[in-house]
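1. this one's sequence-less:
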């Protein structure tokens, strides 16, 4: 087993992870940055439309606060919202210092780029951050797959997993920052990177931390659904000539009465739009028709990105359908990114509190910037006062042997099981949910869990896949059980059998705990943090 020490370990290498690492390094301590695959480019940040909601010359902090709370439908943590709103502009300036070109646009800022560029904005964002990383002393650990947080004596002392060469690895550290993103890829239809399978949620639960509001999952309405094409998100703005039609070639936007145009519907009515399109898809296919868009508009992003494909986007309408985009729930931290477990900090989508029942567009990257800065700074201050704790290497060597020893062949191919879990998620806890299908989903999940337990890894790749399966199954059980208990519809959460928002009974936060391997769910009244307003 490989062993080494670092002062601060950051797990996850998207925007939140990189910003956390860069800020933590300013403490003068040694920082290591681990990514499940490639650093930066294997994350959702690289797929992002690179929009940051923040106050600008025609959008005030008060506007930002109000829109975030309206979108969250009463479940936001007010103190967290105020922290992000107050510090958003500072995070934008910090990114500029890192070398990210930022320009004012709409209700915030976007990564500045030539309008004729066909490169995804998220790629430009990551490239700028990678240049900053290369000039820093931060140690990069691509391909380090974390299986467990090292918790001894009631505090986090590092992480255990497997290095890129396949060797088990134990990293001792004074502080750990969790920046692993969400879990969009646990669904059959999603626009996330395929590796975004809820690793951070599972790590936190197994380390003894509760999670909150996992049932709130955001869907993006317009995502490619053509066979053999990736589920690529089609971001706004959309040309006025674009039409959304059903299999009868009827104008769906007109029939659904959601927004004056597609762009407005996606930005201001994302939940209603996603749910309406999902219901319409149950009756027949849905298409986006760009055949009327004039040639000059195909020279600009995102249409020029579509032009690079061999698929005839310009010649015929193509299939679209909502897909999972973002998880609102996660780990609780204070305003500086510290969790209730000493030594553990968190930033980005893995953290709960800002978004409530739904996320305002552009707040995801703003949250990554603001809370990444604060978590990195806070972890640096914490680590400066600590010594690296004693960790039983023998215990973790035994853990590595336990993980590796079951090499007697595979009863079920892990890839097939993962596809079945993803299909179950989309079918039972998709845009619209109801009791009967969710109970059936729990029964199917119990059967799949039994099969997962019998997967004996024949290769290191199988071992990683089995851990993914265990994480996905744990998360799906949480979302299913939490969704069953919440008997209302609110924000991104929609139940066909309880279609109304129920403030009298459900202005509550859902709390998920793992006790001796069993998932426990409780509820508590929303804490709006009135003090200090």
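-> It's in. In this text, all values refer to a predicted model and were calculated from it rather than measured experimentally.
2. and the pLDDT for residue 270?
-> Here the pLDDT value assigned to residue 270 is 87.
3. residue 220 is in contact with that one, correct?
-> Yes: using Cβ atoms under 8 Å, residue 270 is in contact with residue 220, at 7.2 Å. Yep, even glycine has a C-beta here, placed from its N, CA and C like the rest.
4. just after the top helix by length along the chain, pick out the following helix or strand.
-> Ordering each helix of the chain by length in residues (DSSP state H) puts helix 460-485 first. Next helix or strand after helix 460-485 toward the C-terminus (DSSP states H and E): helix 503-506.
5. mind checking how far the residue positioned nearest the centre of the chain is from residue 202?
-> For the chain, the residue nearest the mean C-alpha position is residue 182 (2.6 Å; Cα atoms, centre = their mean). Computed with Cβ to Cβ, to the nearest Å, the distance linking residue 182 and residue 202 is 12 Å.
6. on that earlier part again, need the contact list for the residue nearest to the centre of the chain.
-> Going by Cβ atoms under 8 Å, 6 or more residues apart in numbering, residue 182 touches 44, 192, 196, 198, 326-327, 330, 349-350.
7. name the SS class of it, please.
-> Put simply, residue 182 is coil when judged by DSSP: H, G, I helix; E, B strand; the rest coil.
8. circling back to that earlier point, residue 270 and residue 220: which has the busier surroundings?
-> residue 270 (25 against 22; other Cβ atoms under 10 Å).
9. residue contacts, that one?
-> 218-221, 358, 361.
10. now those as JSON lines including secondary structure?
-> JSON lines is the format used below for the contacts of residue 270 (three-state DSSP):
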{"residue": "218", "secondary structure": "strand"}
{"residue": "219", "secondary structure": "strand"}
{"residue": "220", "secondary structure": "strand"}
{"residue": "221", "secondary structure": "strand"}
{"residue": "358", "secondary structure": "coil"}
{"residue": "361", "secondary structure": "coil"}
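11. can you put the residues you listed in JSON lines and add distance to residue 212 and pLDDT?
-> As requested, the contacts of residue 270 are exported to JSON lines (distance: Cβ to Cβ, whole Å; pLDDT from 0 to 100):
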{"residue": "218", "distance to residue 212": "16", "pLDDT": "97"}
{"residue": "219", "distance to residue 212": "20", "pLDDT": "97"}
{"residue": "220", "distance to residue 212": "23", "pLDDT": "96"}
{"residue": "221", "distance to residue 212": "26", "pLDDT": "96"}
{"residue": "358", "distance to residue 212": "15", "pLDDT": "95"}
{"residue": "361", "distance to residue 212": "22", "pLDDT": "91"}
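12. in stretch 132-143, what's buried?
-> 132-133, 138, 140-143 (16 or more other Cβ atoms under 10 Å).
13. wait, residue 317 touches residue 286, no?
-> No: at 9.4 Å, residue 317 does not count as touching residue 286 under the criterion of Cβ under 8 Å.
14. for the two, indicate the residue with more neighbours.
-> residue 286 (22 against 17).
15. for residue 252, see how far away that one is.
-> From residue 286 to residue 252 the distance is 7 Å (Cβ to Cβ).
16. do the same with residue 364
-> 27 Å.
17. neighbour count winner among these two?
-> A count of neighbours by other Cβ under 10 Å puts residue 364 above the other of residue 364 and residue 252, at 27 against 21.
18. the more buried one: which element?
-> Judged by DSSP H and E, residue 364 forms part of helix 363-384.
19. please apply the same query to residue 169.
-> Counting by DSSP H and E, residue 169 is part of strand 168-178.
20. show the pLDDT at residue 60.
-> 97.
21. so what's it up against?
-> So residue 60 contacts nothing (Cβ under 8 Å, 6+ apart).
22. cutoff 10 Å now
-> 66, 85 (Cβ atoms under 10 Å, 6 or more residues apart in numbering).
23. any idea how far it is from residue 89?
-> Residue 60 sits at a distance of 11 Å from residue 89 (criterion: Cβ to Cβ).
24. could I get the phi/psi values of residue 10?
-> Here is the backbone geometry of residue 10 (degrees, to the nearest 10): phi -110, psi 120.
25. still on that earlier bit, anything in contact with each of residue 182 and residue 202?
-> In contact with both residue 182 and residue 202: residue 475, using Cβ under 10 Å, 6+ apart.
26. low-confidence ranges, the protein, go.
-> 406-411, 528-533 (pLDDT under 70).
27. give me the domain ranges for it.
-> Listed domain ranges for the chain are 2-216+328-394, 219-324, 406-495 (source: automatic domain parsing).
28. out of those domains, deepest packed?
-> The highest average neighbour count among these, using mean count of other Cβ atoms under 10 Å, belongs to domain 2-216+328-394 at a mean of 22.
29. endpoints of that one, how far apart?
-> Its start and end residues considered, domain 2-216+328-394 measures 12 Å (Cα to Cα, to the nearest Å).
30. separation between the closest residue to residue 3 other than its chain neighbours and residue 391?
-> Spatial nearest neighbour of residue 3, chain neighbours left out: residue 170 (4.8 Å); criterion: Cβ to Cβ, 6 or more residues apart in numbering. From residue 170 over to residue 391 the distance is 7 Å, taken as Cβ to Cβ.
31. then residue 152?
-> In terms of Cβ to Cβ, residue 152 sits 6 Å off from residue 391.
32. list residues touching both of these two?
-> What both residue 152 and residue 391 touch, as defined by Cβ under 10 Å, 6+ apart, is the set residue 158.
33. got the phi/psi numbers for residue 32?
-> Residue torsions, per degrees, to the nearest 10, at residue 32 are phi -120, psi 140.
34. that one bridge partners, please.
-> In this structure, residue 32 bridges to residue 9, residue 139 when assessed by DSSP bridges.
35. list the contacts for it?
-> Residue 32 touches 4-11, 21, 24, 138-141, 144, 159, 171, 173, counting by Cβ under 10 Å, 6+ apart.
36. circling back: ramachandran angles for the residue nearest to the centre of the chain?
-> phi -100, psi -130.
37. tell me the helices in the stretch 101-250 of the chain, going along the chain?
-> 121-134, 199-206 (DSSP state H, counting those that start in this stretch).
38. relative to residue 376, which of these is closest?
-> helix 121-134 (13.0 Å; Cβ to Cβ).
39. which elements pack onto that closest one?
-> helix 15-25, helix 78-97, strand 108-111, strand 139-142 (3 or more Cβ pairs under 10 Å, 6 or more residues apart in numbering; DSSP states H and E).
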